[in-house]
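J.: Have a look at this prediction, sequence included:
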Amino acid sequence: MRKITHIVIHCTATIEGINFSASDIDRWHKQKGWKGIGYHYVIGIDGTIEKGRAEYEIGAHVKGYNRNTIGIVYVGGLNKKRTPKDTRTRKQKKTLKQLLIVLKQKYPEATILGHRDFSIDSNNNGIIEPFEFTKMCPCFNAKKEYVSL
């Protein structure tokens, strides 16, 4: 069994209000040459959870950290001008929190982070600041929002 150290939240970097499914993401990732969907869970705009990779499988969602992480992606993350925005619907927020509670019970030592929290601390001050984000994903501060779980 894999030792899960982090539960990582992502966004699909798609325009708000347009839903995509796990099979869509699977197709996108296969087009990139991957073996299939890189995330373990997908949360649609209606709050529906779809399974991607099995939890026992290593994901493909945070380069260099996949071995010990579970990846969750919510559909959205961009406004209509294609700039980063927290586009989560109320249903997505509710479902995401419920899923995180279940996963934290299963992996109590795991830290919840956003993909952007894996960026490099280029000024070595011990804090990954917005100007250092290699990606804005998941377009909200997951580390702060879910610190109490």
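T.: It's in. Residues are numbered from 1 along each chain as shown.
J.: And the contacts of the longest helix that the chain contains?
T.: In the chain, ranked by residue count with DSSP state H as the criterion, the top helix is helix 90-106. Defining contact as Cβ atoms under 8 Å, 6 or more residues apart in numbering, one finds that helix 90-106 is touched by 7, 9, 41, 43-49, 70, 72, 74-76, 88, 110, 112, 146, 149. Placement of C-beta: from N, CA and C, glycine included.
J.: In contact with residue 3: list those residues for me.
T.: Taking Cβ under 8 Å, 6+ apart, we find residue 3 in contact with residue 68.
J.: tally of neighbours for residue 87?
T.: Using other Cβ atoms under 10 Å, the number of residues around residue 87 comes to 24.
J.: Is it in contact with residue 140, as I believe?
T.: No. Contact criterion Cβ atoms under 8 Å: residue 87 and residue 140 do not qualify, at 9.4 Å.
J.: re earlier: ok, of the contacts of helix 90-106, which come out buried?
T.: Buried subset of the contacts of helix 90-106 (neighbour count, 16 or more other Cβ atoms under 10 Å): 7, 9, 41, 43-45, 47, 70, 72, 74-76, 88, 110, 112, 146.
J.: Now the two most distant members of these.
T.: Spatially, the most separated pair among those is 45 and 110, at 25.8 Å (Cβ to Cβ).
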